[in-house]
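Peer 1: Sharing a model that was predicted from the sequence below.
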Amino acid sequence: MAQAVKTHQSCPSCQHKDCLSVYDDGSTFCHSCNKTTREYLVLRTAETVQKERPFSSMSRIARGFPERGFSAETVKRYSVDVGGPEAPYQAKYPLFNVAGDHVGNKVRNPDKQFLFEGNVKEVGLFGRHAFPPGSARYVTVVEGQDDALAAYQMMGSKYPVVSVHSASTAARDVKRDFEYLNSFDNVVFAFDADEPGKKAAREAAAVGLPLHKIKILSMRKHKDANDYLLSRDAEAFTKEWWQAPAYRPDELRFGTELFDDVMERKDIFTVDTPWEGLNKKRAQLRLSEFIVVTADPGVGKTSFLKAIEHKLLTDPAVIEKEYGVGFLHLEESNGDTALGLLSIHNSQPYHLLPRDSWQEDELRSGFDSVLNNTRVVLWDHFGSNSVDAVLNKVRHMAALGCKYIVLDHLSIIVSDQSGDERKQLDEISTKLKTLCMELDICLIAVIHTNRAGQIRGTAGVEQLANIVVRLRRDKDEENEWRRNITSVSIEKNRFSGMSGPACHLWYNAETARLYELDEESSKIFRNGGSVNDTQKPF
């Protein structure tokens, strides 16, 4: 329930004085022009808040809060400090980060004005400390701290209730605590009944949580949960909570309505690969597509992927859209992944060079150009490689802004499980394809072939993929130039239908890069010939 923290302010819209009220959730309302905004207080940075007031301790005495309708038991559950007769504050609401550390407080003063203590820049959902992850089937997310206590109390103190910090930050707050919310079987969004609250609920529900988990409660009788409590309408709130419908972002439509959609259809955002042969066959990187790269072990799939990853991290169009890249490299450490990308960027095979020969300035420059940003998200994966863990990380990466996710490789995931490998590959491939479409991401997955050159265990992966890229290389070839050439072919291309041989890539061990052979060199390779050092156009 939003509370006014400033009144009689000047309105920036109508220019009238003494008519604007500012609320603790970041919103404003002008009593002259009736305009509502959501961004006023959000502009106050955490640093400013911290300078205004240091982080103070909390009282351990649990008191009821009759002004808001809260019992002492409810106050104790949320560790709220309700001030006594001598206290200079009315209540302190503890704020915790996602690691579970108490980092700040939201303080309600007797004059009903609010201020913050401590470092509140990276706080998690309010109330998360009171309910361990996955501790119940349901978790409810409301729009304010008082609403959290109210909803919890009205539902018999049985179900976890947490709160975002304002409607304007709701989607960001949910993204920050994505894994916490995803640990529950059901997530009910119960935001305020005004238009900003309804909009915030839809935005929070759309951050990437599994659709079958999400419900949105539309309050019919009062504006928010605390109003229900103060009006003694707990029964009505509980009934509406149980009746909350499942969230459905898509609607059914008739074909007669689709012509405008056809004519207004925007061009599909497409990113070229680093190689013209693939691009000419329209085997590029498009959102909502599932791309499979397959080859025998040791052919060079990781080098192929890293070249694509480097392209995504440095492509101006991708950078402009602020699309992130997620890395799920299950056979190497994050440090090795980073070093490989820097090797490509600086054309230096760092993994082959003595450590004392590395140029720190050169590495720092490459790091700042490629990796030193929040568009890069890596999974520190040394732990569970279960199917559910991988799927949850894909969802979390998408929630953090990753539109391109690289999984290297599918084979290692199913090898960690027990049971039928074919069924497991079909299962995870189906779920990954569904995520691509649901989250509008491009996912590139590697899978090994068997001795017969077929995808190991099943043909289901190829059937589900939008594009299947096959890599071939003769690792036993005596000629070094030929031995370092990978043939790339397209075995499936749902977008364009163009398949077959695409290009030949030569790996230069001196620069750690893959170079596409020109037509003349490709012809020499196809005919069984080779070139000498002076003929290499690289």
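Peer 2: Received, thanks.
Peer 1: distance of residue 481 from residue 275?
Peer 2: Remark: distance between residue 481 and residue 275 (CB to CB, to the nearest Å) = 18 Å. The C-beta positions use only the backbone N, C-alpha and C, and glycine is treated the same way.
Peer 1: Kindly report the same for residue 469.
Peer 2: 11 Å.
Peer 1: which neighbours do the two share?
Peer 2: Counting by CB atoms under 8 Å, 6 or more residues apart in numbering, the common neighbours of residue 469 and residue 275 are 488, 502.
Peer 1: what are the ranges of the strands in the stretch 101-250 of the chain?
Peer 2: 102-108, 114-118, 138-142, 161-163, 186-190, 214-216 (DSSP state E, counting those that start in this stretch).
Peer 1: and the direction of the longest one versus that of strand 114-118, what angle?
Peer 2: Pointing back at strand 102-108 there. Computed with axes from the mean of the first three to the mean of the last three CA atoms, to 10 degrees, the direction of strand 102-108 lies at 160 degrees from that of strand 114-118.
Peer 1: for strand 102-108, packing partners?
Peer 2: Using 3 or more CB pairs under 8 Å, 6 or more residues apart in numbering; DSSP states H and E, the elements in contact with strand 102-108 are strand 91-96, strand 114-118.
Peer 1: deepest of these, which one?
Peer 2: Across the helices and strands packed on strand 102-108, averaging neighbours per residue (mean count of other CB atoms under 10 Å) puts strand 91-96 on top, at a mean of 23.
Peer 1: and that strand, which strands flank it?
Peer 2: Next to strand 91-96 in the sheet, as set by DSSP bridges, lie strand 81-82 (antiparallel), strand 102-108 (antiparallel).
Peer 1: How far away from the center of its chain is the shortest one?
Peer 2: It refers to strand 81-82. 35 Å (CA atoms, centre = their mean, to the nearest Å).
Peer 1: For it, what does the pLDDT average out to?
Peer 2: Mean pLDDT, computed over strand 81-82, is 89.
Peer 1: Other residues contacting that strand?
Peer 2: So strand 81-82 is in contact with 58-59, 61-65, 70, 75, 90-92, 94, 105, going by CB under 8 Å, 6+ apart.
Peer 1: try the longest one
Peer 2: Outside of strand 102-108, the residues within contact range by CB under 8 Å, 6+ apart are 3, 24, 53, 55-56, 58, 81, 89-97, 114-120, 122-123, 126, 129, 145.
Peer 1: Repeat that for stretch 487-502.
Peer 2: Residues outside stretch 487-502 that contact it (CB under 8 Å, 6+ apart) are 275, 277-278, 280-283, 286, 289, 304, 462, 465-473, 503-505.
Peer 1: Okay, domains of this protein per the record?
Peer 2: Each domain of the chain is listed here as a residue range: 1-43, 49-242, 270-535, per automatic domain parsing.
Peer 1: And stretch 463-479, end to end?
Peer 2: Between the start and the finish of stretch 463-479 there is a gap of 37 Å, counting by CA to CA, to the nearest Å.
Peer 1: Including mean neighbour count and distance to residue 199, could the strands paired with strand 91-96 go into CSV?
Peer 2: As requested, the strands paired with strand 91-96 are arranged in CSV below (neighbours: other CB atoms under 10 Å; distance: least, CB to CB, whole Å):
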stretch, mean neighbour count, distance to residue 199
strand 81-82, 23, 32
strand 102-108, 22, 23
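Peer 1: want to try TSV for those strands, with distance to residue 426 as columns?
Peer 2: Below are these laid out as TSV (distance: least, CB to CB, whole Å):
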stretch	distance to residue 426
strand 81-82	54
strand 102-108	45
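Peer 1: Can you say which of those is nearest to residue 352?
Peer 2: strand 102-108 (44.2 Å; CB to CB).
Peer 1: May I have that closest one exported as CSV, CA atoms only?
Peer 2: Provided in CSV are the C-alpha atoms of strand 102-108 (Å, rounded to 0.1, in the frame of the first residue of the first chain):
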residue,chain,number,x,y,z
HIS,A,102,20.8,-8.1,5.9
VAL,A,103,22.0,-5.0,4.0
GLY,A,104,19.5,-2.2,4.8
ASN,A,105,16.2,-1.1,6.2
LYS,A,106,13.2,0.8,5.0
VAL,A,107,12.1,3.1,7.8
ARG,A,108,8.6,4.5,8.4
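Peer 1: hmm, back to that, from the contacts of strand 81-82, keep the buried residues only.
Peer 2: The neighbour-count test (16 or more other CB atoms under 10 Å) marks 62, 63, 65, 70, 75, 90, 91, 92, 94, 105 as buried among those.
Peer 1: helix or strand for residue 67, which one?
Peer 2: According to DSSP states H and E, residue 67 maps onto no helix or strand at all.
Peer 1: what's the spacing between it and residue 75?
Peer 2: In terms of CB to CB, residue 67 sits 12 Å off from residue 75.
Peer 1: Would you tell me which of the strands of the stretch 101-250 of the chain gets closest to residue 368?
Peer 2: Checking the strands of the stretch 101-250 of the chain against residue 368 by CB to CB gives strand 102-108 as the closest, at 29.0 Å.
Peer 1: what about that closest one, distance to the chain center?
Peer 2: 27 Å.
Peer 1: tell me the mean pLDDT for it?
Peer 2: 89.
Peer 1: Take the buried ones among the contacts of strand 81-82 and lay them out in a markdown table including distance to residue 242.
Peer 2: Listed next are the buried ones among the contacts of strand 81-82 as a markdown table, based on distance: CB to CB, whole Å:
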| residue | distance to residue 242 |
| --- | --- |
| 62 | 29 |
| 63 | 31 |
| 65 | 26 |
| 70 | 22 |
| 75 | 25 |
| 90 | 33 |
| 91 | 30 |
| 92 | 33 |
| 94 | 30 |
| 105 | 33 |
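Peer 1: Show me which of the residues you listed is closest to residue 523.
Peer 2: Set against residue 523, the nearest of these by CB to CB is residue 94 (70.9 Å).
Peer 1: ok, residue 284 touching residue 274?
Peer 2: No. Contact between residue 284 and residue 274 fails when scored by CB atoms under 8 Å: they sit 10.9 Å apart.
Peer 1: Could you please give me the overlap between the contact lists of these two?
Peer 2: Counting by CB under 8 Å, 6+ apart, nothing touches both residue 284 and residue 274.
Peer 1: one step back: make a PyMOL selection of the buried ones in the contacts of stretch 487-502.
Peer 2: Provided next is the PyMOL selection string for whichever of the contacts of stretch 487-502 are buried by 16+ other CB under 10 Å:
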select buried, resi 275+277+278+281+283+286+289+304+462+465+466+467+468+469+470+471+473+503+504+505
